[in-house]
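Colleague: Can you look at this prediction? I've put the sequence above it.
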Amino acid sequence: ATSVSLSPPSSSLRRAQHVVERWLRQGQRGGWRRSPPFWASPPSCTSPPPCTQRTRRWTPTPPSRWTRWTRSSSAAGCVRFRTPTPTLTLTATLPPPQQTNTKRLDSPAVRKHLNTFSLRELWPVIHMWTMVSQRWVQFVWDAVETVNKEGIEGDIVEAGVWKGGCTMAMVLSNMRHNTHRNFWLFDTFDGLPPPSKEDDEKAKVSYDLIQKGLDKTREANRLVENGKWNYGPLPVVMNAMAFTNYPRDKFHFIKGKVEDTLPVTKLPDKIAILRLDTDWYLSTKAELEYMYERLQPGGLLFVDDFCSWGGSRKAVAEFFEAKGMDAFEIAKEEPCLHYWKK
């Protein structure tokens, strides 16, 4: 066998050094991607590859993130690799939420801006939090406009708020004029309680089906959650109110069955709009008895369930019959809407 020396002559060595140094300069700029040929070994190497000796001038220094040398049996022990780009992790610290600035909200500039919006534009947000149709939400939106334009004093009260969509509409409508009115929200915030003996058979059957888990239609429409009918937890309602950016101190959340909470609650002296949506006889009758007298002349009373549930209709009929008053019906189709102007 013939032995052949792979050590290049001195002139070739100088040329190789020149080529490798050029590669190194290109590598520092990120331009070299090919491994050097097998004969481009460090100058002190006299044996065939792989070579194990290193000299300082052969070690690329700046920038270290671009190149490094390592042993490799496939490329004469000298191979350049691009090190992985380090992962950059961004962190941020958010400032604490600021308190609502009432003076900033209740300004001509803000009211002028809000007056450019209609309920139709805001409906994609509101409809997620209400079961009331857009037509009837538009009706209470306009009612808030009316009491503001006519100068009717008093707060706005809603009994039976579910997840707060209808209240959102009234709040946003009121912000077009002022941020002085208080909003009172009465609800169990834990779903509808069982109907009483004064309620109709339809209500009792519907409630029993839900308790047995047999009302799949209402479950599919998110009207039943965890066996609770019309479940609207308080945090969800408060979040909906926060969306409006209305002053937080203007909201009053009263949790519990209204027939239990009304007798022990310090109610507003004046009410401009009273909207009732608690479905059953006992709650509707208590709401009328405790709050109707506080409704100001020119104020509006809405009973959302007058046509839907017999108990609510019975309570309204008994209350107005006792006072010798007639109901002014606005719509006759199902589900109908009734309101009274005091």
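Modeller: Done, it's in. Numbering: from 1, shown residues only.

Colleague: what about S133, how many neighbours?
Modeller: By other Cβ atoms under 10 Å, 12 other residues sit near S133. Every C-beta, even on glycine, is put in place using the N, C-alpha and C of the backbone.

Colleague: wait, I meant R181
Modeller: So R181, with other Cβ under 10 Å, has 23 neighbours.

Colleague: give me phi/psi at it?
Modeller: phi -70, psi 140 (degrees, to the nearest 10).

Colleague: and it, what does it touch?
Modeller: G154, D155, I156, N174, K250, A272 (Cβ atoms under 8 Å, 6 or more residues apart in numbering).

Colleague: again, but for A240
Modeller: By Cβ under 8 Å, 6+ apart, the contact list for A240 reads W129, K163, G164, G165, T167, M168.

Colleague: do the same with F319
Modeller: Contacts of F319 by Cβ under 8 Å, 6+ apart are K285, L288, E289, Y292.

Colleague: Pick out the most distant pair among the residues you listed.
Modeller: K285 and Y292 (10.6 Å; Cβ to Cβ).

Colleague: Domain boundaries for the protein, per the record?
Modeller: Domain segmentation of the chain under automatic domain parsing yields 11-80, 105-341.

Colleague: Quick one: mean pLDDT for the first one?
Modeller: Think domain 11-80. On average, the pLDDT along domain 11-80 is 50.

Colleague: With the last one instead?
Modeller: The average of the pLDDT scores along domain 105-341 is 88.

Colleague: out of the contacts of R181, which are buried?
Modeller: G154, D155, I156, N174, K250, A272 (16 or more other Cβ atoms under 10 Å).

Colleague: Would you mark the buried spots in the strand or helix carrying F186?
Modeller: Assessed by DSSP states H and E, F186 sits inside strand 183-187. For strand 183-187, the neighbour count (16+ other Cβ under 10 Å) marks F183, W184, L185, F186, D187 as buried.

Colleague: same check, this time on stretch 269-281
Modeller: I271, A272, I273, L274, R275, L276, D277, T278, D279, W280, Y281.

Colleague: end to end, how far does that stretch reach?
Modeller: Taking Cα to Cα, to the nearest Å, stretch 269-281 runs 25 Å from one end to the other.

Colleague: wait, L114 sits on L172?
Modeller: Yes - using Cβ atoms under 8 Å, L114 is in contact with L172, at 7.3 Å.

Colleague: of the two, who's got more company?
Modeller: Between L114 and L172, L172 has the larger neighbour count (other Cβ under 10 Å), namely 21 against 15.

Colleague: pretty sure the more buried one contacts H113?
Modeller: No - taking contacts as Cβ under 8 Å, L172 lies outside contact range of H113: 12.0 Å.

Colleague: Turn the contacts of A240 into JSON lines, including neighbour count and secondary structure.
Modeller: Listed next are the contacts of A240 as JSON lines, based on neighbours: other Cβ atoms under 10 Å; DSSP: H, G, I helix; E, B strand; the rest coil:
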{"residue": "W129", "neighbour count": "21", "secondary structure": "helix"}
{"residue": "K163", "neighbour count": "22", "secondary structure": "coil"}
{"residue": "G164", "neighbour count": "27", "secondary structure": "coil"}
{"residue": "G165", "neighbour count": "21", "secondary structure": "helix"}
{"residue": "T167", "neighbour count": "27", "secondary structure": "helix"}
{"residue": "M168", "neighbour count": "24", "secondary structure": "helix"}
